[in-house]
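>>> My questions concern the predicted model and sequence given below.
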Amino acid sequence: MNIETPLEELLRDPPACLYLYEGLPCWSGKSPDEAYAGTCSELRQKLDAEVVMQEEVPLVIYDRQNMPPGRRDGPNVTFWLSRARGGAGEGRP
């Protein structure tokens, strides 16, 4: 992952109000052989993010005309809202 310098500085010592929302791009912005977008996993680990809320919903693609090749409806996807704690930690996917 290539994080720009100002963001890297923020992530080194995150403020208490910094949260990470892992939404649809973490599921749809991945290569077909990935279970979850690598950038999302790396960012979560870098922030040592603590989950404060999560919701699982069925994946339904509404814009089929602009759908990436190989994508289709289902299975369920989970969205996470996490609080940044800073430093490297154990991540989920």
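Okay, I see it.
>>> Isn't Leu20 up against Glu50?
No - using C-beta atoms under 8 Å, Leu20 makes no contact with Glu50, being 9.8 Å away. To be clear about C-beta, it is placed using only N, CA and C from the backbone, and glycine gets the same treatment.
>>> Common neighbours of those two, please.
Counting by C-beta atoms under 8 Å, 6 or more residues apart in numbering, the contacts common to Leu20 and Glu50 are Ser82, Arg83.
>>> who has more neighbours, the two?
Taking other C-beta atoms under 10 Å, Leu20 and Glu50 do not tie; Leu20 has more neighbours (18 against 12).
>>> Tell me the helix or strand right after the lengthiest helix in the chain.
Criterion DSSP state H: the longest helix present in the chain is helix 38-47. Using DSSP states H and E, the next helix or strand after helix 38-47 towards the C-terminus is strand 50-58.
>>> Report all helices and strands that the least confident helix or strand in the chain by mean pLDDT contacts.
Among the helices and strands of the chain, helix 5-12 carries the lowest confidence by mean pLDDT, DSSP states H and E, at a mean of 75. Helices and strands touching helix 5-12, as assessed by 3 or more C-beta pairs under 8 Å, 6 or more residues apart in numbering; DSSP states H and E, are absent.
>>> and the angle for it with helix 38-47?
With axes from the mean of the first three to the mean of the last three C-alpha atoms, to 10 degrees defining the directions, helix 5-12 sits at 50 degrees from helix 38-47.
>>> What helices and strands are in contact with whichever helix or strand comes after helix 5-12?
Elements were assigned by DSSP H and E; along the chain past helix 5-12, the next helix or strand is strand 19-22. Here strand 19-22 touches helix 38-47, strand 76-83, going by 3+ C-beta pairs under 8 Å, 6+ apart.
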